[in-house]
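Asker: After the sequence you'll find the predicted model.
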Amino acid sequence: MAKIKNIQRLSILLILTSVFFMPLSQAAFNPYKKDVNLHFDESIPWKFSNNQAVKSGQNKDRGEINYYHLKINHKRILLRLGRSDPSGNAENTRPLDALDIIDVMIDGQRLPLFQWCMDNRSTQAENKVFRPGTVVKNDICSNSGGGDFVIKLDGTSRRLLSQGKALQFMTRPYKAQENISYDLSDLPPLLERMARAENPRPVAKKVVEKKAVRKPKPVAKPKVKKTAKLCQAKPPLEYKAKISAVSYPCNNALRKTTAEKRIHDHVQIEKQKQAAETEHRRAASARKQAESEMKQQSKKWETMQDSMWVVRCKKHWDSGISPCYCRRVLSQAPAGTVDTCNK
């Protein structure tokens, strides 16, 4: 009996030793780790109060409920990731000092204002994601590190929100990636209410009309209008469809110079727009290429890991059983192998 107990102790010691000295790639591997994709659709209504629209969703994770609050007013967008607070008003109890913002998109296209923030970072400019504590010119974007991410809105962003179908955030709290999408279908009327509240119409003052004293109307002498000959400053042919010609009196050199400068300024603006569009297309293409390469590498990694798990599980399958960690490659087990996970 004592000999059997010694053999059992030796077996346990060997198992613990194999776990501690397992290769790093196997010890760190998590076969069930996946990105979290959350979509809060039109079934979740917007709540409007204090000139602010709020849409909140939730997701259960290991017995805890995580809340995802999107708050929009006339001046900013606030994404709040918290726990134990369905309203999003109390201080977060979900520590997210490692929260990275990977991308902010409307209908699958990066929000231009987020791109501006990435281009105008005075700290951590070398990172490919927007990390906590990053300082941006004029504080247009801020990541507090406590689960709050803020973007101050401009006119273009408000227009995109009113025309878009979905606002998406790609985030990475710690190592797992969370892709969060909010339906925008009922938001435009609320944005209009916000705009009216921010810019109320002035109340017209009542004008008390005074009784006018009628005076005999003087007989006006007919004026002879002199028609000045007009010339035009025109844009180059390739910009003719977008820039209108500017008229000026032919004999007025100052007006001519002003008109030509105006045309020149418009041409420069159009060139800048074209350059920005070209750069945007290039960046989008590069981003797609990078995503494709990452998917290929991930697929290769998964294939390699599967082969490693098959080797580890084969000794169990030869006995006709399959423990929990073999479930991901159970399809490669011999016929008749029983899944003994949680049994």
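Answerer: Yep, it's here. Not measured: the values here are computed from a predicted model.
Asker: Chain neighbours aside, what residue packs nearest to Leu184?
Answerer: Spatial nearest neighbour of Leu184, excluding adjacent residues (CB to CB, 6 or more residues apart in numbering): Gly164 at 5.2 Å. No exception for glycine: its C-beta is placed from N, CA and C like everyone else's.
Asker: Kindly report the same for Asn37.
Answerer: Asn179 (4.8 Å).
Asker: quick one, phi/psi of the one you found?
Answerer: Asn179 adopts backbone torsions of phi -100, psi 110, taken as degrees, to the nearest 10.
Asker: Is the spatially most central residue of the chain in a helix, a strand, or coil?
Answerer: Geometric centre of the chain, nearest residue: Val104, 1.1 Å, by CA atoms, centre = their mean. Three-state assignment for Val104 (DSSP: H, G, I helix; E, B strand; the rest coil): strand.
Asker: For Gly63, give its distance to Leu81.
Answerer: 17 Å (CB to CB, to the nearest Å).
Asker: The two - which one has more neighbours?
Answerer: Legend: neighbour count by other CB atoms under 10 Å for Gly63 and Leu81, higher for Leu81 (22 against 5).
Asker: And that one, how close does it get to Gln52?
Answerer: 18 Å.
Asker: Thr278 now?
Answerer: Distance, Thr278 to Gln52, using CB to CB: 38 Å.
Asker: Can you pick out the residue with more neighbours from the two?
Answerer: Just comparing Thr278 and Gln52: by other CB under 10 Å the higher neighbour count belongs to Gln52, 17 against 10.
Asker: check contacts around the more buried one.
Answerer: Contact partners of Gln52, counting by CB atoms under 8 Å, 6 or more residues apart in numbering, are 71-73, 194.
Asker: now those in CSV, with pLDDT?
Answerer: Output for the contacts of Gln52, formatted as CSV (pLDDT from 0 to 100):
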residue, pLDDT
Lys71, 94
Ile72, 96
Asn73, 94
Met194, 93
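Asker: which ones among the residues you listed are found in strands?
Answerer: Counting by DSSP state E, the contacts of Gln52 place 71-72 in strands.
Asker: Tell me the one of the contacts of Gln52 nearest Cys231?
Answerer: Minimum distance to Cys231 across the contacts of Gln52 is 46.9 Å, recorded for Met194 (CB to CB).
Asker: right, and that closest one touches Asn50 too?
Answerer: No - with contacts counted by CB atoms under 8 Å, Met194 stays clear of Asn50, the gap being 10.4 Å.
Asker: Look at those two and report which has more neighbours.
Answerer: Met194 (19 against 7).
Asker: The residue lying closest to that one once chain neighbours are set aside and Ala197, how far apart?
Answerer: Leaving aside its chain neighbours, Met194 sits nearest to His74 (4.2 Å; criterion: CB to CB, 6+ apart). Relative to Ala197, His74 is positioned 7 Å away (CB to CB).
Asker: just Leu190 next, same as before
Answerer: Distance of Leu190 to Ala197, given as CB to CB: 11 Å.
Asker: How about Asn252?
Answerer: Asn252 is 47 Å from Ala197, where distance means CB to CB.
Asker: and what of Asp148?
Answerer: 24 Å.
Asker: quick one, helices of this protein?
Answerer: Secondary structure of the chain (DSSP state H): helices at 2-20, 24-27, 112-119, 155-163, 188-198, 253-317.
Asker: Those into a markdown table, with extra columns for distance to Lys234?
Answerer: Shown next, in a markdown table, are the helices of the chain (distance: least, CB to CB, whole Å):
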| stretch | distance to Lys234 |
| --- | --- |
| helix 2-20 | 79 |
| helix 24-27 | 67 |
| helix 112-119 | 31 |
| helix 155-163 | 29 |
| helix 188-198 | 38 |
| helix 253-317 | 7 |
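Asker: nearest to Ala220, of those?
Answerer: helix 253-317 (29.6 Å).
Asker: same for that closest one, what does it pack against?
Answerer: Applying 3 or more CB pairs under 8 Å, 6 or more residues apart in numbering; DSSP states H and E, one finds that helix 253-317 contacts strand 230-233, strand 246-249.
Asker: Buried ones in the last one, by neighbour count?
Answerer: Buried residues in strand 246-249, defined by neighbour count with 16 or more other CB atoms under 10 Å: 246, 248.
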